[in-house]
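Asker: Mind looking at a prediction? Sequence and model below.
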Amino acid sequence: MTISSMNSPGPALFSLRVLAGLCAGALLLAAPHPASAQGHLDARYEATLSGVPVGKGTWTIDVADDQFSASATGGTAGLLKAFASGSGTSAAQGRVVNGALVGTSYSGTTAWSKKSEVIHMTLVNGYIKDFAIDPTPPVDPDRIPVTDAQRHGAFDPMTGALLRVPGNGEMLVPDSCRTGAAVFDGRMRYELKLDFKRMTTVKSESGYQGPAMVCAIYFTPIAGYIPDRPVIKYLASERRMEVTFVPLAGTRILVPYRMVVPTPLGTAMLEATQFITQATPPRVAKTQ
């Protein structure tokens, strides 16, 4: 699910879409730098609103020396599911070039009530070459069009969820937060900016326990959105959103562990309950 899916029917899914959308675009620092990058993540998340469970999801990431893949699933749960059923999936594939993640394809599905939507995207060296939404949404004259220039230098939302830290020093440092990126989710083009807030520690029910870094996150819509939509105005003006990152073992990548978004309905939070990450051995070249 992406930020743009919040334009869809079903206001009861507001908190889940805020969380899923912002986590899906949490930011990518794609500065190329040669580095070892082989790791795997198997994570499970729970979404809550004012402390009440409203959703669950999974996230799997595989990073090899020359390619990567990531996939996520999520859906409503608990009390919210009784009022509005919703689910979503997303997946991305790409190459690892000089230690940087370069997306080549992205797909995402969103289902709510009796409706569904599928987004497909093809990327070439940071350019959104092709994209499509099925079924094709009706043309809204109030929607700001996305220009071809705005499709350059943009990341798909799944690749954009992985915070790349260049170099070979400590990863959980304030400078890792001080970055920004452009994201295109198939409908909307937006900018995300991070800034350092504090260091903390986290302890999942299964898997990772240890230091983590909390970053403020700021959302700026650029194109592909309807300016008068209340959700867009709210996100653009909100200054209390934050994301907590932890390392993906064996790589120079930080992955969102927790996301906090104040909403008119209460504080929405997406947090890992399982975060099992491990380094994987590099492939050994075959010899004759």
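Answerer: Nice, thanks for sending it over. Bear in mind that the values here come from a model prediction, so they are computed numbers and not experimental data. Numbering: from 1, shown residues only.

Asker: use CA for all of it now, contacts and neighbours both
Answerer: Noted.

Asker: Any buried residues in stretch 132-141, and which?
Answerer: By 16 or more other Cα atoms under 10 Å, the buried positions in stretch 132-141 come out as Ile133.

Asker: So what touches it?
Answerer: 117-121, 186 (Cα atoms under 8 Å, 6 or more residues apart in numbering).

Asker: if we go to 6 Å?
Answerer: Applying Cα atoms under 6 Å, 6 or more residues apart in numbering, the external contacts of stretch 132-141 come out as 117-120.

Asker: can you pull up the bridge partners for Met199?
Answerer: Beta bridges link Met199 to Met213, judged by DSSP bridges.

Asker: could I get the contacts of stretch 132-141 as CSV with distance to Asp140?
Answerer: Putting the contacts of stretch 132-141 into CSV (distance: Cα to Cα, whole Å) gives the following:
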residue, distance to Asp140
Glu117, 17
Val118, 19
Ile119, 18
His120, 20
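
Asker: Can you list which of these are found in strands?
Answerer: With strands defined by DSSP state E, the entries of the contacts of stretch 132-141 inside them are 117-120.

Asker: Let's have these in CSV, adding neighbour count and distance to Gly86.
Answerer: Supplementary listing: the ones in strands among the contacts of stretch 132-141 in CSV, determined by neighbours: other Cα atoms under 10 Å; distance: Cα to Cα, whole Å:
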residue, neighbour count, distance to Gly86
Glu117, 18, 12
Val118, 19, 14
Ile119, 20, 16
His120, 18, 20
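
Asker: Find the nearest non-adjacent residue to Pro174, please.
Answerer: Here the nearest residue to Pro174 in space, its sequence neighbours aside, is Phe196; by Cα to Cα, 6 or more residues apart in numbering that works out to 5.3 Å.

Asker: count of residues packed around the one you found?
Answerer: Using other Cα atoms under 10 Å, the number of residues around Phe196 comes to 19.

Asker: any idea whether it is helix, strand or coil?
Answerer: For Phe196, the assignment made with DSSP: H, G, I helix; E, B strand; the rest coil gives strand.

Asker: what's near enough to touch Pro145?
Answerer: For Pro145, the contacting residues are 223-224, by Cα under 6 Å, 6+ apart.

Asker: Against Ile226, how distant is it?
Answerer: Look at Pro145 and Ile226: by Cα to Cα, to the nearest Å, they are 10 Å apart.

Asker: Please look at the residue nearest to Pro174 and Val173 and confirm they touch.
Answerer: No. Because the distance of 8.6 Å does not satisfy Cα atoms under 6 Å, Phe196 is recorded as not touching Val173.
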